[in-house]
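Build the 3D model from these lines:
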Amino acid sequence: MTNAFTVTALPNGFTVVNGHEGYPTLNNSGAVAGWIGANATVYQNGHTTTVPLSGLRAINDLGDAIGEDANGASYLYKDGKLAPLNGGALSINNTDVIVGTIGQSDPSLGNQPAYLYPNASPKPMESNPPTDTIPSLINNRGEVGGEQMFGPIGNGYSPFLYPNLALCENGNSYGGQVLGLNDNNHVLFRDDTSPASAFFLCKGAQATLISGSPEALNNDDVVVGQGYRSSTDPGFAFVRTSEGKYWDLNSLVPAGTPHLSDAVAINNHDVILAAQTQPNTTSLRYYLLTPTSRWYGL
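Numbering: from 1, shown residues only. The predicted model follows:
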């Protein structure tokens, strides 16, 4: 329809953490954190930087990143140096507040959400933490989102929000998972209490149903994810504007761009990290979509 985005292919083999966890792999400078083969890698402006780790999970606007070595130990990568973190690091904000998990004294309780510090002991988020909680997101106001196993709703996951945050008009009476949490405390989440999982954008007391399978949102409440037209459809990357209009991203990129099957991240400049399922495989090739002036007039 229109060339609303330019498209840049990331290097072959570049991979990011994916799977609806919402980890911030794309920052507002267009840097992407991931790995190529066994090497943690940051991609930015056509260049790659190799980090002495196995993979990177998240990156903030300062370029500080968190990742793991080959043994699964977590580190902060900052100013070209590594600092160990005593726990499993999952997310980082622009003031280098890092959240993750530590083991509890009773192994049956699983993971305990905690703040992690370089070369220092972690600090649990709560004195009586919920059972097996994964804090996968932290925004720049210090609010945390994720999922809680065997939470108050059903026998599966329940959304986890800290501190003292509630989901829309129903409080915490949803099952599922927080997928996105922006700096306005707007929450993108999956609700598993209905017969089929549904996705919502929660702004204060208002819950708006989001079609498809959303994966991320930015501070303007622009949402990206994967849509399907039928049960046999391989999927297409979509973007939903803050006004609620949906676009198949394949209709907004130059002719000849490979079919984009998913969109996994978006920053506050509407730069989108999208993926192509490569032919005859299940592997993904990633692309950065940068908006042109046409995008803002759609």
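
so how far is stretch 207-226 off the chain centroid?
How far stretch 207-226 lies from its chain's middle: 11 Å, per CA atoms, centre = their mean, to the nearest Å.

what comes up buried for it?
Residues of stretch 207-226 classed as buried by neighbour count (16 or more other CB atoms under 10 Å): 207-208, 210, 212-219, 221-226. (Glycine included, C-beta is placed from N, CA and C.)

same check, this time on stretch 71-81
Of the residues in stretch 71-81, those scored as buried under the neighbour-count criterion (16+ other CB under 10 Å) are 73-78.

for stretch 90-105, same thing?
Taking 16+ other CB under 10 Å as the neighbour-count basis, stretch 90-105 is seen to contain the buried residues 90-93, 97-102, 104.

Dump the C-alpha coordinates for it into PDB.
Extracted in PDB, the C-alpha atoms of stretch 90-105 (Å, rounded to 0.1, in the frame of the first residue of the first chain):
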ATOM      1  CA  LEU A  90      15.600 -10.800  33.200                       C
ATOM      2  CA  SER A  91      15.100  -7.000  32.600                       C
ATOM      3  CA  ILE A  92      16.900  -3.600  33.000                       C
ATOM      4  CA  ASN A  93      15.600   0.000  32.900                       C
ATOM      5  CA  ASN A  94      17.400   3.200  32.000                       C
ATOM      6  CA  THR A  95      18.700   3.800  35.600                       C
ATOM      7  CA  ASP A  96      20.300   0.300  35.500                       C
ATOM      8  CA  VAL A  97      17.700  -1.200  37.900                       C
ATOM      9  CA  ILE A  98      17.800  -4.900  37.200                       C
ATOM     10  CA  VAL A  99      15.100  -7.400  38.100                       C
ATOM     11  CA  GLY A 100      15.300 -11.200  38.000                       C
ATOM     12  CA  THR A 101      15.000 -14.300  40.100                       C
ATOM     13  CA  ILE A 102      16.700 -16.000  42.900                       C
ATOM     14  CA  GLY A 103      16.000 -19.400  44.500                       C
ATOM     15  CA  GLN A 104      13.900 -19.600  47.600                       C
ATOM     16  CA  SER A 105      14.900 -21.500  50.800                       C
END
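
which one of the buried residues of stretch 71-81 is nearest Val17?
Each of those was scored against Val17 by CB to CB, and Ser74 proved nearest at 13.0 Å.

Point out where the stretch 51-200 of the chain drops to low pLDDT.
Within the stretch 51-200 of the chain, the stretches falling below the threshold (pLDDT under 70) are 104-110, 127-131, 150-156, 164-175, 194-196.

redo that, cut-off 80
Applying pLDDT under 80 to the stretch 51-200 of the chain flags the ranges 103-111, 126-132, 149-158, 164-176, 192-197.

quick one: the strands in it?
Using DSSP state E, counting those that start in this stretch, the strands assigned to the stretch 51-200 of the chain run over residues 55-59, 65-68, 74-78, 81-85, 88-92, 98-103, 111-116, 123-124, 133-138, 144-149, 157-162, 176-181, 187-191, 198-203.

chain center to the shortest one, what's the gap?
So that's strand 123-124. 23 Å.

How about the fifth one?
When C-alpha coordinates are averaged (CA atoms, centre = their mean), strand 88-92 and its chain have centres 12 Å apart.

Could you do the second one as well?
A distance of 14 Å separates the centroid of the chain from that of strand 65-68, by CA atoms, centre = their mean.

cool, the last one as well?
Averaging C-alpha positions (CA atoms, centre = their mean) puts strand 198-203 15 Å from its chain's average.

tell me which strands and helices the helix or strand following that strand is in contact with?
Taking DSSP states H and E as the definition, the helix or strand that follows strand 198-203 towards the C-terminus is strand 206-210. Applying 3 or more CB pairs under 8 Å, 6 or more residues apart in numbering; DSSP states H and E, we find strand 206-210 packed against strand 198-203.

can you pull the buried residues of the strand it packs on?
Of the residues in strand 198-203, those buried by neighbour count under the rule 16+ other CB under 10 Å are 198-202.
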